[in-house]
Structure formats: structure tokens, C-alpha cells
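Enquirer: next one to model:
(2 chains)
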There are 2 protein chains.
Amino acid sequence: MTRVYLAGPEVLLPDAVDIGRRKVELCTRHGLIGLYPLDNAIDPTAKDASLRIFRGNEAMMIEADAIIANLTPFRGPGADAGTVYELGFMAGGGKLCLAYCNDPTLYADRVRKFTTVDKQAGRLADAAGLTVEDFGLSDNLMMIHALELHGCALVTPRQAPADIWHDLTAFEVCVRMAAERLGSAPAPASS
Amino acid sequence: MTRVYLAGPEVLLPDAVDIGRRKVELCTRHGLIGLYPLDNAIDPTAKDASLRIFRGNEAMMIEADAIIANLTPFRGPGADAGTVYELGFMAGGGKLCLAYCNDPTLYADRVRKFTTVDKQAGRLADAAGLTVEDFGLSDNLMMIHALELHGCALVTPRQAPADIWHDLTAFEVCVRMAAERLGSAPAPASS
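Expert: Model (predicted):
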């Protein structure tokens, strides 16, 4: 049965375990096995907690046939670095890549919320003088085009949902696409 | 001869081409071929510019034996998403991974500069209520432990250099480690 690694910074929410349960259930409903990185199962105060979390996540990714990454902006204008690393890792390993972003705005517009953006010498630049990538994309071009070319295009809602960290509508679209692409076992008739 | 992909957001600086030249020269001096993603060689106003940049970068990564990623914080408390994706991609493809960060501070301390951080119900949380990962690491645990386990540990200076985007001291430490790990052709006697 097809296994899907469920990446995203929602593992850092107080109700991370519940969100994971809902994500895994949606996978089951579409005939897939969802693998959710339950960071919370490891005592975060243990001396080697971060290394144990890494090993657990990596083992799950190696076991998985696909990834569904939550690229909703996190502590800045773009996606969470851990999630982005995992998307790259799965792409590099030739696995099917899917992702969603619950913020439908464009990257260049989001950068303005976090830093001064000016037109400098004909280019858009941030306060540190680095060019703001203005390609009309939702996030960094490496993720967006990797998804288009090697998986399924990024899923975004037309309007941001009221609760960007708990709304799973865009996530379920990804689950459906993963099931279509990878095949899925039919859910039992009673469900 | 060994090829190293040189990832980092410095491609967004006005003097990106010069920085790339200096990085490639340092590689040559250590017997390696540096592959620098010259985003600037593609007209950024072309209709399919972002896709062409993606294809160029991906082709370079596939050709490369290793990556040296610049994880210096970019538009937030952590590394640039494009660079992180590329690090993940190379790790997923089983390539040697190296990286440096010109900011020696810890991730949890950097988060405080960008958002309110409070102790909530016994855990450190940001303004959105998401736990701040406080493992005493420089950036997200996925990158830090991937480097330790599958490449070389992240290189950071003791003190931040005066110019974090142009100082290549930590980069050169990575080049030297890559040359030791992968073997290198001796530089010509005249150099």
C-alpha cells in the first residue's frame, strides 16, 4: 500500500497530535497510508532529542513513496525550512512530490510585510540589498517548479482559510492527487 | 574531476557574478570544479525566466558530486528556502553535503528578533503559537543533522564577519573539507 510522508510545521502546534490524526485519516479515506512525523513522541528535553527526531523523520521519508508538504509561510515570507529540506530530499530521491500553501498571496508581496522593498537600479531589492524574486510565484522557484515538473503543481486556496494551520481542504486535494497518481487501495465499504 | 554545486542566496546580490567568480576560484585552488548557479545569465524579465533558472540549477545539481550550501539567515531567522531545497535534493540523491552559516548565533535566539517569543504552558512559543525549536542548534534540525550524519558538520565562524554576504572564510573551510573527502586534482605548479 502506498505510503505518503506528511511534512509541515504544524508539528509545532500544541494540538499537533490531533492534526496528524486528521491528516492520516484523510489519507486512509483515499486508500493511502499517511506517515506523520510525531516529533511530540520524543521527549524534547532529552539530550539527543533533535538527533532522534531527525532519524525518525528520515526513516519515514525513506519508507515513503511520496510527500505532501505544507508550504504555508512560517516565521517569514516563505515556507518552513525543515519542510523545504524534506521536499528537496524526496525530490532528490525520485519520489512523487506534492505540496499545498494555505496563503494564496505571492512571494514578492509577502516580502513587503517583513522588510522594506524598494526599486534599486531597476530591480526590486530588500533592506539588505538582495533582489526580491518577483516571478509571480507563491514561493521560491526551486520548490514551485520542482512540484510542477516532478510531481503535481502547488495547491493553494482562492482565499486564505480562516484558520491557516488547521484547515485541511488544500491538503485533501493533494491526498486525492497522490491517490490518483500512485494508485490506492479502496477504502472498506463500511467507511 | 570533482564537481561541487555552490548554493546560496548571494545570487540575489548586485555583485553576484563577482562572488561566484571568487567561489569558483577557491574551488579551483583546492582542485575542485565549482558550479555556480548564475541566475543572472538568464534575463529575469523573460516570460519563462523562473523555469529556465530552475532547469539550469537542477541540471548543475545532477552533474555535481557535492554541494556547499550557504545557510546564512535570509529574510527571517533561518536559511534561504531555495538553498535549503537544494541541500535536501542533494542529500536525497546521496551526494556529499557541506554547508556554512556566517551567523554564529542560535536559531531560537534569532527567532526573538522576528517575533514575540513567550513561555506558554511550559514550552517556548512564537506569536502564532507554534513551538520555537530550542535544541541549541544553528538552524532547523533536519539540515543540521543531515550535514553531521551524511556529510560534514555545519561550519560557522566564532564571530560573525563584518560582511556576512561577502566573507568567504567559512566557505573555504567547506571547500577544503570537500577536497579531503572527495579527493582533488593537484593545482598546477604555477598557481
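Enquirer: buried residues in the helix or strand harbouring A:R112?
Expert: According to DSSP states H and E, A:R112 maps onto helix A:107-114. By 16 or more other C-beta atoms under 10 Å in any protein chain shown, the buried positions in helix A:107-114 come out as A:107-108, A:110-111, A:114. Placement of C-beta: from N, CA and C, glycine included.
Enquirer: before we move on, what about stretch A:158-175?
Expert: Residues of stretch A:158-175 classed as buried: A:161, A:164-165, A:167-168, A:170-175 (neighbour count, 16+ other C-beta under 10 Å).
Enquirer: which of these lies closest to chain B?
Expert: A:W165 (7.6 Å; C-beta to the nearest C-beta).
Enquirer: I'd say the closest one and A:T72 touch.
Expert: Yes - using C-beta atoms under 8 Å, A:W165 is in contact with A:T72, at 7.2 Å.
Enquirer: mind listing the shared neighbours of the two?
Expert: By C-beta atoms under 8 Å, 6 or more residues apart in numbering or on different chains, A:W165 and A:T72 have these common neighbours: A:N102.
Enquirer: counting by contacts, list what whatever helix or strand A:R21 lives in packs against.
Expert: For A:R21, the enclosing helix or strand under DSSP H and E is helix A:16-29. Identification of packing neighbours for helix A:16-29 by 3 or more C-beta pairs under 8 Å, 6 or more residues apart in numbering or on different chains; DSSP states H and E yields strand A:3-7, strand A:33-35, helix A:169-182.
Enquirer: now do the helices in chain A.
Expert: When assigned using DSSP state H, the helices of chain A occupy the ranges A:16-29, A:49-63, A:81-92, A:107-114, A:141-150, A:169-182.
Enquirer: okay, now the sheet partners of the lowest-mean-pLDDT helix or strand in chain A, with direction.
Expert: Here the helix or strand of chain A ranked lowest by mean pLDDT, DSSP states H and E is strand A:118-120, holding a mean of 89. When sheet partners are counted by DSSP bridges, strand A:118-120 sits next to strand A:123-125 (antiparallel).
Enquirer: hmm, who's touching the partner strand?
Expert: With C-beta under 8 Å, 6+ apart as the test, strand A:123-125 has contacts from A:108, A:117-119, A:131-132, A:134, B:14, B:44.
Enquirer: for the residue lying farthest from the centre of chain A, which non-adjacent residue is spatially closest?
Expert: Relative to the mean C-alpha coordinate of chain A, counting by C-alpha atoms, centre = their mean, the farthest residue is A:A121 (35.0 Å). Spatially, and ignoring its direct neighbours in sequence, A:A121 is nearest to B:P14 (7.0 Å; C-beta to C-beta, 6 or more residues apart in numbering or on different chains).
Enquirer: contacting residues for A:L38?
Expert: Contacts of A:L38 by C-beta under 8 Å, 6+ apart are A:11, A:16-17, A:20, A:56.
Enquirer: ok, the residues you listed vs B:I68, which is closest?
Expert: A:G56 (27.3 Å; C-beta to C-beta).
Enquirer: got a list of what A:L149 touches?
Expert: By C-beta under 8 Å, 6+ apart, the residues touching A:L149 are B:F54.
Enquirer: number of nearby residues for A:G56?
Expert: For A:G56, the tally of surrounding residues (other C-beta atoms under 10 Å in any protein chain shown) stands at 15.
Enquirer: pLDDT score assigned to it?
Expert: Looking at A:G56, its pLDDT reads 94.
Enquirer: right, and it touches A:P37 too?
Expert: Yes - under the contact definition of C-beta under 8 Å, A:G56 touches A:P37, with a separation of 6.7 Å.
Enquirer: tell me the pLDDT of the residue nearest to A:A121.
Expert: Confidence at B:P14, expressed as pLDDT, is 91.
Enquirer: show me what contacts it?
Expert: A:121, A:123, A:129, A:131.
Enquirer: can you tell me which of the residues you listed has the most neighbours?
Expert: Of all these, the most densely surrounded is A:T131 (19 neighbours; neighbours counted as other C-beta under 10 Å).
Enquirer: residues in contact with the closest residue to that residue other than its chain neighbours?
Expert: In space, and not counting its chain neighbours, A:T131 is closest to B:L12: 4.2 Å by C-beta to C-beta, 6+ apart. By C-beta under 8 Å, 6+ apart, the contact set of B:L12 is A:130-133, B:39.
Enquirer: using TSV, lay out those residues together with distance to A:G31.
Expert: TSV is the format used below for those (distance: C-beta to C-beta, whole Å):
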residue	distance to A:G31
A:L130	45
A:T131	44
A:V132	42
A:E133	38
B:D39	41
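Enquirer: among the residues you listed, which two are most distant?
Expert: Largest separation among the contacts of B:L12 by C-beta to C-beta: A:V132 and B:D39, giving 13.1 Å.
Enquirer: and the helices and strands packed on helix A:16-29: which comes nearest B:A81?
Expert: Here strand A:3-7 is closest among the helices and strands packed on helix A:16-29 (C-beta to C-beta), at 13.5 Å.
Enquirer: list of residues touching that closest one?
Expert: By C-beta under 8 Å, 6+ apart, the surrounding residues in contact with strand A:3-7 are A:20, A:23-24, A:27, A:32-37, A:60-61, A:63-70, A:82-83, A:86-87, A:90, A:175, A:178.
Enquirer: can I assume A:H30 is in contact with A:S184?
Expert: Yes - with contacts counted by C-beta under 8 Å, A:H30 reaches A:S184, the gap being 5.8 Å.
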